[in-house]
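Asker: the sequence and its predicted three-dimensional model are supplied below.
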Amino acid sequence: MTVELEDVTVHFGRTCALEGFDLSVAAGETVALLGPSGSGKSTALKAVAGFVRPSRGRIRLGGSDVTDLPPAKRGIGVVVQQYALFPHLRVADNVAFGLRAARKPKAEVVRRVGEMLEMVGMTSYARRFPRELSGGQQQRIAIARALAIRPSVLLLDEPLAALDARLRADMLGELQKLRREVPDIAIVYVTHDQSEALVLADRIAVMRDARLVDVAPAADLYAAPPSAFTASFLGGANLLPVETSGDSVKLAGQLVPGLQAARDKSLLCIRPHAIRLESPSRGDEVSGVRVVGRVVAVQWRGAVSQVVCEVDGVGDVRVEVPVDRWVPGVGERVVVALPVEGCSLVPAEAG
Ligand code: ADP
């Protein structure tokens, strides 16, 4: 079922938590709302669920206006960060809750609870209480409970945030699997974690200060970010100042081949992993722009080292050097080579 938010605005007292928000999520599609804390992601999700009332705008599910419907009448599955299982109910009764509230026949409740527990791999835990489960297991039950009512829309608000790194990775894999098992459901997934968004979402909606900044397929946003904010929030791109004259774009006085100047675009966007560092004494392996810099910081991070180079007229450039390549030391002069295919231009508004 399609989820549509049209011009949705939400106020909490004098705080505007969501401003003129437009988004449409198709049946079978997963859209991640990604943005820093306080940017309005949860508020957008709560507006869809019916937990907050917009002061302006409409919400439609499958084309029907539900703006004035209470949450229980919307037929939506919701999973939040803190599991929110009923502590006094056993696992099976937690999963059965929504079905019983909808007065489904007993045989159907039993069958559906069985199916759901099997889907999340928790069949043998049916008789336990939530307190007898780990965080990851509780979250699986929360997902089983949300899906038991066969919702056509599933809302997930930071469902993995309370889990440790290892469990988070496991659950991310399970959520991917879940998407294949319920192919027609529309999923809205709130997260501040860009890797979760990149793994799970068909499209990412980037939010900032109560507004939608950009929305596009995850791969497009990553490869060619439309804004400086999205470029740095998603993958920590370098944003380097360029000069333009006519059609040409120059970085530190050097022509950047292949880039077309545009009046409103004056930052060169390049990801740290796309840049190569070379010793000044070595040949040039990379076609593109080559500027000389001085290494001001090196951090070893296992598979890669993060190197910060200071380049005259450009500023700091962050470079990720894979473990099998040459890593310069602090204070060394290096050639910073920017391959043309890794470069794009973005507008220079505050980012
Ligand atoms: P996010 O999910 O991106 O972290 P939220 O949607 O929770 O952001 O919050 C957006 C803004 O609205 C924040 O400034 C937050 O403090 C405010 N806010 C959220 N919920 C409430 C509330 N119940 N009462 C007052 N202010 C709120």
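Answerer: Perfect, thanks for sending it. As the structure is a computational prediction, the values presented were derived from the model and not from experiment. Numbers count the residues shown, from 1 in each chain.

Asker: which bits of this protein sit near the ligand?
Answerer: Within the chain, the positions adjacent to the ligand are 12, 15, 17, 35, 37-43 by Cβ under 6 Å from any ligand atom. C-beta here means a position set from N, CA and C on the backbone, and glycine is covered the same way.

Asker: among these, name the ones in helices.
Answerer: 41-43 (DSSP state H).

Asker: weed out the non-buried ones from the residues of the chain next to the ligand.
Answerer: For these, a neighbour count by 16 or more other Cβ atoms under 10 Å gives the buried set as 17, 35, 39-43.

Asker: including pLDDT, could these go into JSON lines?
Answerer: Shown next, in JSON lines, are those (pLDDT from 0 to 100):
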{"residue": "Ala17", "pLDDT": "97"}
{"residue": "Gly35", "pLDDT": "95"}
{"residue": "Ser39", "pLDDT": "97"}
{"residue": "Gly40", "pLDDT": "97"}
{"residue": "Lys41", "pLDDT": "97"}
{"residue": "Ser42", "pLDDT": "96"}
{"residue": "Thr43", "pLDDT": "97"}
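
Asker: not counting the longest helix along the chain itself, show me its contacts.
Answerer: Criterion DSSP H: the longest helix present in the chain is helix 165-181. Applying Cβ atoms under 8 Å, 6 or more residues apart in numbering, the contact partners of helix 165-181 are 30, 119-120, 134-136, 139-140, 143, 147, 156, 159-160, 163, 187, 196, 199-200.

Asker: in PyMOL, how would I select just the buried ones from those residues?
Answerer: Of the contacts of helix 165-181, the buried ones can be selected in PyMOL as follows, counting by 16+ other Cβ under 10 Å:
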select buried, resi 30+119+120+135+136+139+140+143+147+156+159+160+163+187+196+200
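
Asker: narrow the contacts of helix 165-181 to those in strands?
Answerer: Among these, the residues falling in strands (DSSP state E) are 30, 156, 187.

Asker: out of these, who's nearest the ligand?
Answerer: Leu156 (12.4 Å; Cβ to the nearest ligand atom).

Asker: wait, what's in contact with the residue positioned nearest the centre of the chain?
Answerer: Most central in the chain under Cα atoms, centre = their mean is Ala197, positioned 3.0 Å from the mean C-alpha point. By Cβ under 8 Å, 6+ apart, the contact list for Ala197 reads 32, 34, 189, 191, 204, 218, 234.

Asker: quick check: closest non-adjacent residue to it.
Answerer: Spatial nearest neighbour of Ala197, excluding adjacent residues (Cβ to Cβ, 6 or more residues apart in numbering): Ala32 at 3.7 Å.

Asker: what helix or strand is that neighbour on?
Answerer: Assessed by DSSP states H and E, Ala32 sits inside strand 30-34.

Asker: which residues touch that strand?
Answerer: So strand 30-34 is in contact with 23, 25, 41, 44-45, 179, 186-192, 194, 196-197, 200-207, 215, 218, 233-234, going by Cβ under 8 Å, 6+ apart.

Asker: which pair in the buried ones among the residues of the chain next to the ligand spans the largest distance?
Answerer: Greatest spatial distance in these: Ala17 and Gly35, 12.2 Å, computed using Cβ to Cβ.

Asker: and the next helix or strand past the lengthiest strand in the chain?
Answerer: In the chain, assigned by DSSP E, the strand with the most residues is strand 288-300. Using DSSP H and E, the helix or strand that follows strand 288-300 in sequence is strand 304-311.

Asker: who does that following strand pair up with?
Answerer: Each strand paired with strand 304-311, and its direction, by DSSP bridges: strand 288-300 (antiparallel), strand 315-322 (antiparallel).

Asker: Gly315: which of the ones in strands among the contacts of helix 165-181 is nearest?
Answerer: Gly315 has its nearest neighbour among the ones in strands among the contacts of helix 165-181 in Thr30, at 37.0 Å by Cβ to Cβ.

Asker: for beta bridges, what are the partners of the residue nearest to that closest one when sequence neighbours are not counted?
Answerer: Computed as Cβ to Cβ, 6+ apart, the closest residue to Thr30 that is not its neighbour in sequence is Ile187, at 4.1 Å. On the basis of DSSP bridges, Ile187 is bridged to Thr30, Leu154.

Asker: didn't Ile187 look like it was pressed against Asp157?
Answerer: No - with contact defined as Cβ atoms under 8 Å, Ile187 does not count as touching Asp157 (11.8 Å).

Asker: can you tell me how far the spatially most distant residue from the centre of the chain sits from Ser195?
Answerer: Distance from the C-alpha centroid of the chain, by Cα atoms, centre = their mean, peaks at Ser281 (41.6 Å). Separation of Ser281 from Ser195 (Cβ to Cβ, to the nearest Å): 38 Å.

Asker: list the buried residues in the longest helix of the chain.
Answerer: The neighbour-count check on helix 165-181 (16+ other Cβ under 10 Å) flags 167-168, 171-172, 174-175, 178-179 as buried.

Asker: for those, which one is nearest Val340?
Answerer: Taking Cβ to Cβ as the measure, Val340 lies nearest Leu172 of those, at 34.0 Å.

Asker: related to what we said a few turns ago, now the ones in helices among the residues of the chain next to the ligand in TSV, with distance to Pro87?
Answerer: Shown next, in TSV, are these (distance: Cβ to Cβ, whole Å):
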residue	distance to Pro87
Lys41	27
Ser42	23
Thr43	27
